[in-house]
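Novice: predicted structure and sequence below. I'll ask about it afterward.
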Amino acid sequence: MSQLISIIIPCFNQSIWLAETLESVYKQTYVHWECLIVNDGSTDKTEEVAKNWAVKDDRFIYITQPNLGVSVARNTGITLSKGSIVLCLDADDLISKDYIQLAIAAFLQNPSLSLVYSEAEKFGEKRGKWILPEYSLQRMAESNIIFNAAFFKKEDWKRVGGYDEKMKEGLEDWEFWIHILKNGAKVYQIPKVCFFYRINNQSRNRSIIFNNYKILYEYISKKHIDFFIKNIGTYPELVKKMNKMKREFEALKYSRKNALKVIFNTLIFRKRKG
């Protein structure tokens, strides 16, 4: 019997893109899936679009809830899902028609895998290949290097307590990946572009203002302090600042125009300290 895949699509006022996203699910070459569309308190035509697709194909399941945020919406959908492998997909992004089939093949070939994702491409206001760093726990500690639309096992979601519902402003997918992977779980990247990330003015990541980002960053750092200390020896914020200083120094060092200035300022600094 083929394995059932559960696709969870939270939607908050994204009905203008939702049909296109559902179309990309509908066209999957792997047919044993269910798609739970979670209306997170939308005030647009999300309900109308979702219900139309549920009539078209009963593998689409419509769920509605008050506006409680993407983490709650994902957890709601996963709780009601029946598949053992889950894919969370934002309501404005797209997947290639063979994404599920390739992911299932990877899990079958290596049952010890905890997470499977692919190469990615941006479209919309910006277009082009999304260059993702090669996966490692150290790189994951420095920043989120895996997009949210990756496949994971429902048992792992249960083990870590799902998406953190306190993280309503963003970065919840990064925290979720850290929680699942931090003890050395195995990851595989499909060597093909199967995920298409839409860039638009309403993208959630764009709406994270600096102050909120800092708070979220500190929250993740403290929640997984053992992970960050083990992999980068300190808090991510300090590493971020150090990397920025390093880039600025390298830019000055290799600039002929500023080379003498760097040397001069260094000598002055040493003289004052002396």
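Specialist: Thanks, I have it.
Novice: all contacts plus neighbour counts: C-alpha atoms, from now on.
Specialist: Will do.
Novice: ok, which stretches of the stretch 151-274 of the chain are strands?
Specialist: Assigned strands in the stretch 151-274 of the chain, in chain order: 151-153, 186-199 (criterion: DSSP state E, counting those that start in this stretch).
Novice: any idea which of those strands is most buried?
Specialist: Among the strands of the stretch 151-274 of the chain, judged by mean count of other C-alpha atoms under 10 Å, the one packed with the most neighbours on average is strand 151-153 (a mean of 23).
Novice: which outside residues touch it?
Specialist: The contact list for strand 151-153, computed with C-alpha atoms under 8 Å, 6 or more residues apart in numbering, reads 84-88, 103, 114-117.
Novice: each with direction, which strands does it pair with?
Specialist: strand 85-88 (antiparallel), strand 113-124 (antiparallel) (DSSP bridges).
Novice: got JSON lines for the strands of the stretch 151-274 of the chain, with distance to K51 and mean pLDDT too?
Specialist: Below are the strands of the stretch 151-274 of the chain laid out as JSON lines (distance: least, C-alpha to C-alpha, whole Å; pLDDT from 0 to 100):
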{"stretch": "strand 151-153", "distance to K51": "25", "mean pLDDT": "98"}
{"stretch": "strand 186-199", "distance to K51": "23", "mean pLDDT": "97"}
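Novice: okay, now the unreliable bits of the stretch 151-274 of the chain?
Specialist: 201-211, 234-274 (pLDDT under 70).
Novice: contact partners for the most centrally placed residue in the chain?
Specialist: Nearest residue to the geometric centre of the chain (C-alpha atoms, centre = their mean): N148, 2.6 Å. For N148, the contacting residues are 88-89, 173-174, by C-alpha under 8 Å, 6+ apart.
Novice: what's the closest of the strands paired with strand 151-153 to L137?
Specialist: For L137, the closest of the strands paired with strand 151-153 is strand 113-124, at 13.1 Å, according to C-alpha to C-alpha.
Novice: if we can go back for a sec, among the contacts of N148, which lie within helices?
Specialist: 173-174 (DSSP state H).
Novice: who wins for most neighbours among the contacts of N148?
Specialist: Each of those was scored by neighbours using other C-alpha atoms under 10 Å; the highest score is L89's, at 26 neighbours.
Novice: if I look at that residue, how far off is A103?
Specialist: Remark: distance between L89 and A103 (C-alpha to C-alpha, to the nearest Å) = 14 Å.
Novice: got it, and I63?
Specialist: 26 Å.
Novice: more crowded one of the two?
Specialist: Neighbours per residue, other C-alpha under 10 Å: of I63 and A103, the larger number sits with A103, 23 against 18.
Novice: surely D156 and I178 touch.
Specialist: No: in this structure, D156 is not within contact of I178 by C-alpha atoms under 8 Å, at 11.8 Å.
Novice: give me the buried subset of the contacts of strand 151-153.
Specialist: 85-88, 103, 114-117 (16 or more other C-alpha atoms under 10 Å).
Novice: mind giving me the domain split of the protein?
Specialist: Split into domains by automatic domain parsing, the chain comes to 5-209, 237-273.
Novice: surely the residue nearest to the centre of the chain forms part of a helix?
Specialist: No: using DSSP: H, G, I helix; E, B strand; the rest coil, the secondary structure at N148 is coil, not a helix.
Novice: and it, how far from E175?
Specialist: 11 Å.
Novice: same deal with F147?
Specialist: F147 is 12 Å from E175, by C-alpha to C-alpha.
Novice: mind putting the buried ones among the contacts of strand 151-153 into TSV with distance to N200 and pLDDT?
Specialist: Shown next, in TSV, are the buried ones among the contacts of strand 151-153 (distance: C-alpha to C-alpha, whole Å; pLDDT from 0 to 100):
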residue	distance to N200	pLDDT
I85	29	98
V86	26	98
L87	22	98
C88	19	98
A103	27	98
S114	31	98
L115	27	98
V116	26	98
Y117	22	98
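Novice: next one: the helix or strand harbouring N52 to chain centre, how far?
Specialist: Element membership of N52 [criterion: DSSP states H and E] is helix 46-56. Chain-centre distance of helix 46-56: 26 Å, with C-alpha atoms, centre = their mean, to the nearest Å.
Novice: helices and strands around the helix or strand following that helix, which ones?
Specialist: Downstream of helix 46-56, the first helix or strand assigned by DSSP H and E is strand 60-65. Secondary-structure packing of strand 60-65 (3 or more C-alpha pairs under 8 Å, 6 or more residues apart in numbering; DSSP states H and E): strand 33-40, helix 46-56.
Novice: perfect, that will be all.
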